[in-house]
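> Predicted model and sequence follow; I will ask about them next.
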Amino acid sequence: MRVLLRTPSRDHRRAIVALARDPFIAQWTGPPGPNADLRALLLWDCRLPRVPVLAGFVHLDTVQVEGGFSGAFDIAIASPFRRRGLGLAAVRAAEQALVSAHDLKEMVLGVHVDNEPARALYRRAGYLEVQTIRAPDGREARLVRKRLTTSSQ
């Protein structure tokens, strides 16, 4: 099974809009930044017909931080595909896409404190919680950061 990030087709865009309205996803994801790059999260299973399945979406973005720019992303996984390791694969794919496009040295993300599944995912992916912040929606969040090394790129 492979996870691919691709520019969404017209059909995928419609499915992504519907997925973004899912109450579970809507409570965690905010509107993308003005420069965010929407990617379809496609699951390619060689046992299935040779058509990748839409499993979610990712917004790739950069944010200005002290000393330059950092990568940021928002990941949403459709409910039938959760708890199967796709989140970690999506994090790695998002990191790789941002690093290759922008030659970044670190990733910085905000995650709501009550979104324990996402916090656990980012810990598994090597992110450290560095600061408590107030998210744009007014809720408490943790700023998580990962310095990228040659091995993580």
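Thanks, I have it. Numbers count the residues shown, from 1 in each chain.

> Show me where the protein has its strands.
For the chain, applying DSSP state E gives strands covering 2-6, 37-44, 53-65, 68-77, 106-112, 128-134, 140-147.

> Any idea which of these has the lowest pLDDT on average?
Ranked by mean pLDDT, the strands of the chain bottom out at strand 37-44, with a mean of 68.

> quick check, distance from the top helix by length along the chain to the centre of its chain.
For the chain, the longest helix by residue count, based on DSSP state H, is helix 86-102. Its chain's C-alpha centre and that of helix 86-102 lie 8 Å apart, by Cα atoms, centre = their mean, to the nearest Å.

> Give me the buried positions along that helix.
With burial defined by 16 or more other Cβ atoms under 10 Å, the residues of helix 86-102 counted as buried are Leu86, Gly87, Ala89, Ala90, Val91, Ala93, Ala94, Glu95, Ala97, Leu98, Val99. Placement of C-beta: from N, CA and C, glycine included.

> would you list the strands of the chain in JSON lines and tack on mean neighbour count?
Below are those laid out as JSON lines (neighbours: other Cβ atoms under 10 Å):
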{"stretch": "strand 2-6", "mean neighbour count": "16"}
{"stretch": "strand 37-44", "mean neighbour count": "20"}
{"stretch": "strand 53-65", "mean neighbour count": "19"}
{"stretch": "strand 68-77", "mean neighbour count": "21"}
{"stretch": "strand 106-112", "mean neighbour count": "20"}
{"stretch": "strand 128-134", "mean neighbour count": "12"}
{"stretch": "strand 140-147", "mean neighbour count": "17"}
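
> What's the separation between the residue nearest the centre of the chain and Ala90?
Of all residues in the chain, the one closest to the mean position by Cα atoms, centre = their mean is Ile75, 3.0 Å from it. Using Cβ to Cβ, to the nearest Å, Ile75 is found at 5 Å from Ala90.

> now Ala26
18 Å.

> same question, Asn115
15 Å.

> what's the answer for His112, then?
Distance, His112 to Ala90, using Cβ to Cβ: 18 Å.

> rewinding a little: for the residue nearest to the centre of the chain, list the residues it contacts.
By Cβ atoms under 8 Å, 6 or more residues apart in numbering, the contact set of Ile75 is Leu41, Gly56, Phe57, Val58, Gly87, Ala90, Val91, Ala94.

> Understood, closing this out.
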